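Student: the following block contains a protein sequence and its predicted model.
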Amino acid sequence: MTRLTVISVGTVKEGYLADAINEYEKRLRAYAQVENISLKEERITDEDDAHKISAALEAEADRILSKIPPDSYKIALCVEGVSPDSVKLSELLRQASDRCGKITMVIGSSHGLSERVKTACDLRLSVSKLTFPHQLMRVILLEAVYRSFSIIAGKKYHK
């Protein structure tokens, strides 16, 4: 069984989003061992200061990289990543699972991910060209991953 780790920066505050995350994690457990790691987002005192944002992303990078399981296939969620459809994402995840048995997906803070984290990953993935609230991205990602594992298992959920 695949080991899926989702590392995300920041906390989910809304109960309805936490409920949705829990529901998709529960569904995913039919296909994978799921671990959700939430890391603290760095506080930025001046949102217009690129140096402060960069420093915050680097501090977050240290924490992210320390939590990635060894020998896992690493996927960074970022806007410049590939945007596969559901079937292609399922193929990517199946190949990663067959190769490593462990997949780690990384969601950065509201400012994204440092280049260091992106470089450390095997794949850069964009779920959409649209902009979503940071906390909602966890739900969207888990739904897409659940859909992918359903496709891999030959279920009709994806139609």
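Tutor: Received, thanks. These numbers come from a predicted model, not from an experiment.

Student: tell me how far the ends of stretch 24-38 are from each other?
Tutor: Using Cα to Cα, to the nearest Å, the end-to-end distance of stretch 24-38 comes to 16 Å.

Student: mind checking the longest strand of this structure?
Tutor: Criterion DSSP state E: the longest strand present in the chain is strand 73-82.

Student: buried residues in it?
Tutor: 73-78, 81 (16 or more other Cβ atoms under 10 Å). For every residue, glycine as well, the C-beta is placed using N, CA and C.

Student: in whichever helix or strand comes after it, what counts as buried?
Tutor: Following strand 73-82 in sequence order, the next helix or strand is helix 86-100 (DSSP states H and E). By neighbour count with 16+ other Cβ under 10 Å, helix 86-100 contains the buried residues 89-90, 92-93, 96-97, 100.

Student: from these, which is closest to Leu65?
Tutor: Leu65 lies nearest to Cys100 out of the buried residues of helix 86-100, by Cβ to Cβ, at 17.0 Å.

Student: residues contacting the closest residue to the closest one other than its chain neighbours?
Tutor: What sits nearest to Cys100 in space, not counting adjacent residues and going by Cβ to Cβ, 6 or more residues apart in numbering, is Tyr73, at 4.5 Å. Taking Cβ atoms under 8 Å, 6 or more residues apart in numbering, we find Tyr73 in contact with 96-97, 99-100, 102-104, 122-123.

Student: beta partners for Tyr73?
Tutor: Ile103 (DSSP bridges).

Student: how much space separates it from Lys40?
Tutor: 25 Å (Cβ to Cβ, to the nearest Å).

Student: quick check, nearest of the buried residues of strand 73-82 to Leu141?
Tutor: Taking Cβ to Cβ as the measure, Leu141 lies nearest Leu77 of the buried residues of strand 73-82, at 6.7 Å.
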